[in-house]
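Peer 1: structure, please.
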Amino acid sequence: MAKLYFYYASMNAGKSSHLLQADFNYRERGMRTMLWTAALDSRSEGLVKSRIGLESDAHRFHPDTDLWADVSAVHAGTPLDCVLVDEAQFLTPEQVWQLARLADEAGIPVLCYGLRTDFQGELFPGSAVLLGIADALVELKAVCHCGRKATMNLRVDESGAAVKQGQQTEIGGNDRYVALCRRHFARALSA
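Peer 2: Residues are numbered from 1 along each chain as shown. Predicted structure coming up:
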């Protein structure tokens, strides 16, 4: 039976490189995959890119993309063995349910990779639904500067100071976000 997986972590835990390794493993065995990433992330330009230099072409999803319809259309022509989704925190709740349907009804394993929480410690809508309905939850590990497991994403300004308010989504990498343990995240926000 196919499953819906959610691999989650803070920034800099290697989510995209893990996704690309899983994709490689499927393709190395002659299996067909379909990769997706958020169109919202303008840095990717239709690629899943890792910080260590790995990258692969991917379809881009928008909030109005019907993943069930788009993936099913491809699957009907030549069956897919796996669907992999990067930046899964940007999925809408409806899209998460569409991915669950692909696992349940089309029999395609779906591997989603994304952040659990935003810069204020709040769940992203897509991540909240994945945490609620995924068949398997896998936490990938990042490291705080103190050596503890980093679970939080601190947004910083140009000078490195903590940003405490703003829109939930602001695209950026190491220039805008720092992965921290909960203790150091709370300290940074209370300073």
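Peer 1: all contacts plus neighbour counts: C-alpha atoms, from now on.
Peer 2: OK.
Peer 1: what ranges in this protein fall below the confidence cut-off?
Peer 2: Scanning the chain for pLDDT under 70 picks out the ranges 41-44, 169-175.
Peer 1: in it, which spans are strands?
Peer 2: Using DSSP state E, the strands assigned to the chain run over residues 4-9, 33-38, 47-49, 55-57, 59-61, 82-85, 110-115, 136-139, 142-143, 149-150, 152-155, 177-180.
Peer 1: which among those is found nearest to G121?
Peer 2: For these, the distance to G121 is smallest for strand 152-155, at 6.7 Å, taking C-alpha to C-alpha.
Peer 1: which of the strands of the chain sits closest to Q95?
Peer 2: Q95 lies closest to strand 59-61 among these, at 9.5 Å (C-alpha to C-alpha).
Peer 1: in that closest one, what's buried?
Peer 2: By neighbour count on 16 or more other C-alpha atoms under 10 Å, the buried set for strand 59-61 is 59-61.
Peer 1: how about stretch 120-135?
Peer 2: 120, 123-131, 133-134.
Peer 1: all helices of the chain, in order?
Peer 2: Here the chain has its helices, by DSSP state H, at 15-28, 67-77, 93-105, 125-133, 182-190.
Peer 1: mind putting the strands of the chain in TSV, distance to H75 included?
Peer 2: As requested, the strands of the chain are exported to TSV (distance: least, C-alpha to C-alpha, whole Å):
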stretch	distance to H75
strand 4-9	17
strand 33-38	9
strand 47-49	21
strand 55-57	18
strand 59-61	14
strand 82-85	10
strand 110-115	13
strand 136-139	23
strand 142-143	35
strand 149-150	38
strand 152-155	36
strand 177-180	37
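Peer 1: do you know which of these lies nearest A188?
Peer 2: Proximity to A188 (C-alpha to C-alpha) singles out strand 152-155 among the strands of the chain, at 8.0 Å.
Peer 1: show me what that closest one is packed against.
Peer 2: Contact partners of strand 152-155 among helices and strands, from 3 or more C-alpha pairs under 8 Å, 6 or more residues apart in numbering; DSSP states H and E: strand 177-180, helix 182-190.
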